[in-house]
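In: Would you be able to build a 3D model of this:
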Amino acid sequence: LGQYLQPSKKHLPVHRYVHPDEFAEYKEIGLSKGFLFVESGPLVRSSYHAEKHVL
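Out: Okay, the predicted model is just below:
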């Protein structure tokens with residue numbers, strides 16, 4: 001899970017900045033629901049640490 005960050009003034013602005021503590025809560029929720037790996041933070045992207053999560 002990641003945060004949208006406005007790449008330039010031409011793009012949509014950030015509606016709300018999600019605090020890292022909230023991302024930590026999302027990670028715990030995902031793990032409690034049975035996901036083996038959850039990457040959650042403001043700078044996380046779709047391939048973030050992907051090499052660590054290959055089964």
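In: what residues are up against the closest residue to residue 45 other than its chain neighbours?
Out: Counting by Cβ to Cβ, 6 or more residues apart in numbering, residue 2 is the residue found nearest to residue 45 once chain neighbours are left out, at 5.8 Å. All C-beta atoms are positioned from the backbone trio N, CA, C, and that covers glycine. The contact partners of residue 2, taken as Cβ atoms under 8 Å, 6 or more residues apart in numbering, are 40-46, 48.
In: Of those, which pair is most distant in space?
Out: Using Cβ to Cβ, the pair of the contacts of residue 2 lying farthest apart is 42 and 46, separated by 14.4 Å.
In: quick one: which of these two has more around it?
Out: Using other Cβ atoms under 10 Å, the more surrounded residue of residue 42 and residue 46 is residue 42, with 15 against 7.
In: now stretch 47-55: mean pLDDT?
Out: Averaging pLDDT along stretch 47-55 gives 71.
In: mind checking the SS state of the residue located most distally from the centre of the chain?
Out: Centroid-distance maximum for the chain: residue 10 at 23.2 Å, with Cα atoms, centre = their mean. Following DSSP: H, G, I helix; E, B strand; the rest coil, residue 10 is assigned to coil.
In: Contacts made by stretch 8-24 with the rest, please.
Out: Outside stretch 8-24, the residues touching it (Cβ under 8 Å, 6+ apart) are 1, 3-6, 40-42, 44.
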